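Engineer: structure for this input, please:
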Amino acid sequence: MKNNNTSPILSPEKSKETPSKIRTLLFILEVCLVLSLLVIWFSSDSIRNSKYLWGFLFYSFPSNFLIAVVPHEPVILYFGEFYSPLIVAFVAIAGTLPTEAINYTVFRYVADLRALKKIRQSKVVELFKRKPFIALLIAGFTPLPFYPFRFLVVFAHYPIWKYLLAVFLSRTPRYFIIAYIGYAFKIPPYLLIATFIVLLLAINIPVVIILIRKKKKKPDAV
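Structural biologist: Below you'll find the model as predicted:
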């Protein structure tokens, strides 16, 4: 007696439909995101008419590119004193998302080099693969250094759309909170400058130390 029941899980038709439905859903979400950003843009005169916010938007690129050389927190605090925290968060994430997309694309070109094979097969990458989205949300929202995760997503072959979604969901509320602190407490300029300098040194001193050590290891010319 033949069993005509076909498991929906094993059905090839179902397996073909599922990715198509996911892609359709993602397309709809992306369109909704773009439309919502456009609505905020056109409904806010302060964003469209402020040359300072444009400068802040472009500042988001170097402050989020690969291993950033400039901090963004003091700048967000500063702009939070003069603009709505929601506007500041919107401008910050509008600069962050394309920068992170560039980071992903740029590093993907070198991620498959043989010299990086040990890193691709490391325990850190395997650990990240267990809960990548949760790890990105935590790293994006908290003060943890975020730049290692820019490399981990590529090593782990994590989809770029999931990466950007995690960045959007984690960094936007983080930016809003930082901007709101600047709005609520009106931090004096000298403290913001001091914070900027401290973070700038904290970011760049380790890089300088590594470069100095490499230079010392080189044999002296005869």
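
Engineer: contacts for the helix or strand harbouring residue 137?
Structural biologist: Assigned by DSSP states H and E, residue 137 belongs to helix 132-141. Applying C-beta atoms under 8 Å, 6 or more residues apart in numbering, the set of residues contacting helix 132-141 from outside is 128, 144-146, 149, 152-153, 156, 158, 162-163, 166-167, 169-171, 173-174. All C-beta spots, glycine's among them, are computed from the backbone N, C-alpha and C.

Engineer: flag the shaky bits of this structure, pLDDT-wise.
Structural biologist: 1-49, 114-115, 203-204, 206-208, 210-222 (pLDDT under 70).

Engineer: stretch 73-91: end-to-end distance?
Structural biologist: 14 Å (C-alpha to C-alpha, to the nearest Å).

Engineer: run through who's touching it.
Structural biologist: With C-beta under 8 Å, 6+ apart as the criterion, stretch 73-91 contacts 37, 40, 44, 46-47, 50, 52-53, 56-57, 59-60, 63, 92, 172-173, 175-176, 178-183, 186-187, 189, 192-193, 195-196, 199.

Engineer: inside helices: which ones of the residues you listed?
Structural biologist: Per DSSP state H, helices hold the following members of the contacts of stretch 73-91: 37, 40, 46-47, 52-53, 56-57, 59, 92, 172-173, 175-176, 178-183, 189, 192-193, 195-196, 199.

Engineer: among those residues, which ones are buried?
Structural biologist: Judged by neighbour count, with 16 or more other C-beta atoms under 10 Å as the criterion, the buried members of the ones in helices among the contacts of stretch 73-91 are 47, 53, 56-57, 59, 92, 172, 175-176, 178-183, 192, 195-196, 199.

Engineer: which residue ranges of the protein form strands?
Structural biologist: Listed from the start of the chain, the chain has no strands (DSSP state E) to report.

Engineer: for residue 86, see how far away the nearest residue to residue 149 once chain neighbours are set aside is.
Structural biologist: Counting by C-beta to C-beta, 6 or more residues apart in numbering, residue 139 is the residue found nearest to residue 149 once chain neighbours are left out, at 5.1 Å. As judged by C-beta to C-beta, to the nearest Å, residue 139 and residue 86 stand 23 Å apart.

Engineer: who has more neighbours, the two?
Structural biologist: More neighbours surround residue 139 than the other of residue 139 and residue 86, with 21 against 15 (other C-beta atoms under 10 Å).

Engineer: buried ones in the helix holding residue 137?
Structural biologist: Within helix 132-141, the residues that qualify as buried are 132, 135, 136, 137, 139, 140, 141, counting by 16+ other C-beta under 10 Å.

Engineer: redo the residues you listed as a markdown table? Include distance to residue 111.
Structural biologist: Compiled in a markdown table, those are given as follows (distance: C-beta to C-beta, whole Å):
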| residue | distance to residue 111 |
| --- | --- |
| 132 | 15 |
| 135 | 18 |
| 136 | 17 |
| 137 | 22 |
| 139 | 19 |
| 140 | 21 |
| 141 | 25 |
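
Engineer: list just the nearest of those residues to residue 67.
Structural biologist: The nearest member of these to residue 67, counting by C-beta to C-beta, is residue 139 at 14.5 Å.

Engineer: gap between residue 57 and residue 179?
Structural biologist: Taken as C-beta to C-beta, the span from residue 57 to residue 179 is 14 Å.

Engineer: ugh, wrong one, I meant residue 125
Structural biologist: Plainly put, residue 125 is 34 Å away from residue 179 if you go by C-beta to C-beta.

Engineer: again with residue 123
Structural biologist: Distance check for residue 123 against residue 179: by C-beta to C-beta, it reads 37 Å.
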